[in-house]
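Enquirer: turn this into a model:
(2 chains)
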There are 2 protein chains.
Amino acid sequence: MSTIQNVTVTKKSNVYFDGKCISHTLLLADGSQKTVGVIFPSSLTFNTGRPETMEIVSGLCRVRLANETEWKAYEDGQQFEVAANSSFEIETVDQVDYVCHFG
Amino acid sequence: MSTIQNVTVTKKSNVYFDGKCISHTLLLADGSQKTVGVIFPSSLTFNTGRPETMEIVSGLCRVRLANETEWKAYEDGQQFEVAANSSFEIETVDQVDYVCHFG
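Expert: Residues are numbered from 1 along each chain as shown, chains lettered A, B, ... in the order given. Sure thing, here's the model as predicted:
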């Protein structure tokens, strides 16, 4: 599925890490929230509030969750789960498009 | 209006000018298309296919349309029209969030 249907999109973008990560916030009909975004080549650490599922839409990345020692690779169509009030490191060498599903 | 309701959003981003402009494509219920995006500080020239209305959501920019000599300034809540098969130059010194309405 290359699209998300029936959403309300926030016009103003979210810009993190000096433009290395840009997203737009989506509100779904059931009240849940997602962001649709892109990460440019970088090594970043993201902190979570709510638990989230990171869906990799395109591109390749390496990810290490807060309480893990191993890095795992993810690419197009794959996803990983991040616990609430936690963090993950992500390394990208190309552009990565993603959808972050909160809840 | 800080949001656009009832849209289908394309998960993959559009990246132009080496990451200076990033957008996501929106399909509306009436079949019309928009993009919601951000421009980082730069001087860029955009070419149009269809006519478009550029709505500045936040930030300040200077714009010169293809057949004009004068630059005009636009900011939050303002918009400008661009003819089909034309172009415009845009200069930004801060981050500019925009919605491009095609039609």
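Enquirer: drop to CA atoms for contacts and neighbour counts, all remaining ones
Expert: Fine.
Enquirer: what about the strands in chain A?
Expert: A:3-10, A:14-16, A:21-28, A:33-39, A:42-47, A:52-58, A:61-65, A:72-74, A:79-82, A:87-92, A:96-102 (DSSP state E).
Enquirer: redo those strands as a markdown table? Include mean pLDDT and mean neighbour count.
Expert: Output for the strands of chain A, formatted as a markdown table (pLDDT from 0 to 100; neighbours: other C-alpha atoms under 10 Å in any protein chain shown):
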| stretch | mean pLDDT | mean neighbour count |
| --- | --- | --- |
| strand A:3-10 | 98 | 19 |
| strand A:14-16 | 98 | 15 |
| strand A:21-28 | 98 | 22 |
| strand A:33-39 | 98 | 23 |
| strand A:42-47 | 98 | 15 |
| strand A:52-58 | 98 | 20 |
| strand A:61-65 | 98 | 19 |
| strand A:72-74 | 98 | 14 |
| strand A:79-82 | 98 | 16 |
| strand A:87-92 | 98 | 18 |
| strand A:96-102 | 98 | 22 |
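Enquirer: which among those strands is found nearest to chain B?
Expert: Nearest to chain B among those is strand A:3-10 (4.2 Å), distances taken as C-alpha to the nearest C-alpha.
Enquirer: what's in contact with that closest one?
Expert: Strand A:3-10 has contacts (C-alpha atoms under 8 Å, 6 or more residues apart in numbering or on different chains) with A:24-29, B:2-11.
Enquirer: do the same with stretch A:55-69
Expert: Stretch A:55-69 is contacted from outside by A:70-80, A:82, A:86-101, B:11-12, using C-alpha under 8 Å, 6+ apart.
Enquirer: can you tell me the distance between the two ends of it?
Expert: Stretch A:55-69 has its terminal residues 21 Å apart, counting by C-alpha to C-alpha, to the nearest Å.
Enquirer: same deal with stretch A:7-24?
Expert: End-to-end span of stretch A:7-24 (C-alpha to C-alpha): 12 Å.
Enquirer: can you give the distance of that stretch from its chain's centre?
Expert: 11 Å (C-alpha atoms, centre = their mean, to the nearest Å).
Enquirer: same check, this time on stretch A:25-35
Expert: Put simply, stretch A:25-35 sits 14 Å off its chain's centre (C-alpha atoms, centre = their mean).
Enquirer: using CSV, list the CA coordinates for that stretch.
Expert: C-alpha atoms of stretch A:25-35 as CSV (Å, rounded to 0.1, in the frame of the first residue of the first chain):
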residue,chain,number,x,y,z
THR,A,25,1.6,14.9,10.8
LEU,A,26,-1.5,12.8,9.8
LEU,A,27,-4.7,12.4,11.9
LEU,A,28,-6.8,9.4,11.0
ALA,A,29,-10.5,9.0,11.2
ASP,A,30,-10.2,6.7,14.3
GLY,A,31,-8.3,9.4,16.1
SER,A,32,-4.9,7.8,15.8
GLN,A,33,-1.9,9.7,14.6
LYS,A,34,0.9,9.0,12.1
THR,A,35,3.7,11.0,10.6
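Enquirer: that stretch vs chain B: in contact?
Expert: No: Stretch A:25-35 stays out of contact with chain B when judged by C-alpha under 8 Å from any C-alpha of the partner chain, the minimum separation being 8.9 Å.
Enquirer: all set now, cheers.
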